[in-house]
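1. Next come a sequence and a model predicted from it.
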Amino acid sequence: MKNLREDAFRIIKNSIDSVLPEKAVQQELEKMSLEDNIHIVAIGKAAWRMAKSAKDFLKDKVKNGIVITKYGHSQGTIESLQIYEAGHPIPDENTIKSTKKAIELVQNLRENDVVLFLVSGGGSALFEIPVEGVNLEDIKNVTDMLLKSGANIVEINTVRKHLSRVKGGNFAKLVEPAKIYSLVLSDVLGDRLDSIASGPAYPDSTTLEDVEKIIKKYDLTLSEKILHALKNETPKHLDNVETRIIGSVTKVCESAVKIAQNLGYNTMILTTTLDCEAKEAGSFLAAIVREEKERERPLNTPCAIILGGETVVHVRGKGKGGRNQELVLSAARGIKGYQEVLIASVGTDGTDGPTDAAGGIVDGETVNRLQEKGIDVEKVLNNNDSYHALQSVDGLVITGPTGTNVNDLTFILCN
Ligand SMILES: Nc1ncnc2c1ncn2[C@@H]1O[C@H](COP(=O)(O)OP(=O)(O)O)[C@@H](O)[C@H]1O
Ligand SMILES: O=C(O)[C@@H](CO)OP(=O)(O)O
Ligand SMILES: [Mg+2]
């Protein structure tokens, strides 16, 4: 007899472990054979682990460096490196302070200096100095508005890049004439390098015209000040940068397949680019579960159907939750009453929305249990309050910050 819940937690833990950045960073550094005079700049939720791994490998070749990560995401000191924590998903004073320190570190470098730029998702909020005429408060307001608008990360970052002195390739300009080697852990679907952490060292493919379209599409009401500041185009060519991707959602899905196979499941990856509204994704997954339960399609049971991606939530309510929690709660409606099924969805960074949960896990009994407690799922979803509902039925997945960040892993287990 299978214990689906136990298996689900094992798949989550082991597949996230498989995308921790240490090994991938060192494998890439081995190929690069860098000389001395290396300056590390690491940004994002995986910054500390990436920097620690690079420093352990390069040892005294590293002259100095800086790590800027989210609160609670650093794990102590690293020799010769300054470690900072700052606000995410909304930037704060420490974002600006630590970014200034990073600029101080690189602005007077010479041609024989190398900046090893370690980039992971989260960097947009953690690495920022606004353009002239815009202050931190303005950036906070725009970020909040964008995050709640239902815009995807490429669209969000298109706007952010055009309000920043370090995003959209601008950081690489500040580093000139020194060279930048970027190692990037991707948390953007399709691995768009100019979007991951808003591509501080990558030529920007987006334009001020794109920004205008996004403002219209999501009906964003931006202040006169912001609209006025949106006039600087980002660099479209950079001569001093080399970039390599060292991990992405594809890898975490492939690991999940192997782990599920070892646990005795028939497996398939349905997609690695799930990108619709979280609630819709949930309904769709429930439809797949019903097909499994009624007709054993698309796989014979026991089966694990695996998806990777990043859904969006147009936040209209006042509740607490995240896209993974909202996805599974939505899915729970469509699998009500079915036995031996489960749907789980987690952010590989260990945080789903502004909550302490990585995501959620539901089964055929979840909705019944909520009803017994007098909780109306539709109301919860309308108020974007998935966290409290799932919490009351033991439906949260809590991992803590994982030290990596490669989008979201979602899967169905059916027996
Ligand atoms: N109450 C809520 N319910 C569902 N989603 C929410 C809620 N509040 C915020 N979000 C979503 O959470 C996203 C930020 O979540 P987070 O996990 O930090 O993203 P990422 O891992 O991509 O940085 C926002 O884009 C927003 O859409
Ligand atoms: O920093 C960012 O721009 C995004 C994408 O890379 O990451 P996160 O969604 O984790 O904030
Ligand atoms: Mg993200």
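-> Looks like it arrived, so ask away. Ligands and ions are numbered 1, 2, ... in the order given.
2. Over to Gln27. Which of the three states is it?
-> Under the three-state scheme (DSSP: H, G, I helix; E, B strand; the rest coil), Gln27 adopts helix.
3. Report the separation between the closest residue to it other than its chain neighbours and Lys31.
-> Ranked by CB to CB, 6 or more residues apart in numbering and with sequence neighbours excluded, the top spatial neighbour of Gln27 is Ile246, at 7.7 Å. Any C-beta I mention is one placed from the backbone N, CA and C, and that applies to glycine too. From Ile246 across to Lys31, the span is 11 Å (CB to CB, to the nearest Å).
4. same thing with Ala281?
-> 37 Å.
5. More neighbours: which of those two?
-> The neighbour comparison of Ala281 against Lys31 (other CB atoms under 10 Å) goes to Ala281, with 26 against 7.
6. Specify the local secondary structure of the more buried one.
-> helix.
7. And the residue of the stretch 51-200 of the chain closest to ligand 1?
-> When scored by CB to the nearest ligand atom, the stretch 51-200 of the chain has Leu147 as its residue closest to ligand 1, at 4.1 Å.
8. Give me the spatial nearest neighbour of the residue of the chain found nearest ligand 1, chain neighbours excluded.
-> Per CB to the nearest ligand atom, Gly321 is where the chain lies closest to ligand 1, at 3.0 Å. What sits nearest to Gly321 in space, not counting adjacent residues and going by CB to CB, 6+ apart, is Ser386, at 3.6 Å.
9. okay, now the one you found: neighbour count?
-> For Ser386, the neighbour count with other CB under 10 Å is 37.
10. For it, give me its contacts.
-> Ser386 sits next to 319-322, 325-326, 328-329, 360, 380 when contact means CB atoms under 8 Å, 6 or more residues apart in numbering.
11. Most neighbours of all those residues, which one?
-> For the contacts of Ser386, counting by other CB under 10 Å, the largest number of neighbours falls to Gln325: 35 neighbours.
12. part of a helix, is it?
-> Yes. Per three-state DSSP, Gln325 lies within a helix segment.
13. Renumber starting at 501 from here on
-> Taking 501 as the first residue, the last one we looked at is Gln825.
14. what's the spacing between it and Ala844?
-> 11 Å.
15. Report the set of residues contacting both of the two.
-> 859-860.
16. circling back: skip the chain neighbours and tell me the closest residue to the residue of the stretch 551-700 of the chain closest to ligand 1.
-> Nearest to Leu647 is Pro589, by CB to CB, 6+ apart, at 5.9 Å.
17. and if you look at Val828?
-> Per CB to CB, 6+ apart, closest to Val828 is Gly860, 4.0 Å.
18. who's in contact with that neighbour?
-> 824-825, 827-829, 844-846, 852, 886, 890, 895-897.
19. Output the contacting helices and strands for the helix or strand hosting Lys716.
-> Element membership for Lys716, per DSSP states H and E: helix 708-717. Contacts defined by 3 or more CB pairs under 8 Å, 6 or more residues apart in numbering; DSSP states H and E place helix 708-717 against helix 653-661.
20. can you rerun that using 10 Å?
-> Where contact means 3 or more CB pairs under 10 Å, 6 or more residues apart in numbering; DSSP states H and E, helix 708-717 is packed against helix 653-661, helix 724-729.
21. and the ones you listed, which is most packed in?
-> Counting by mean count of other CB atoms under 10 Å, helix 653-661 has the highest mean neighbour count of the helices and strands packed on helix 708-717, with a mean of 24.
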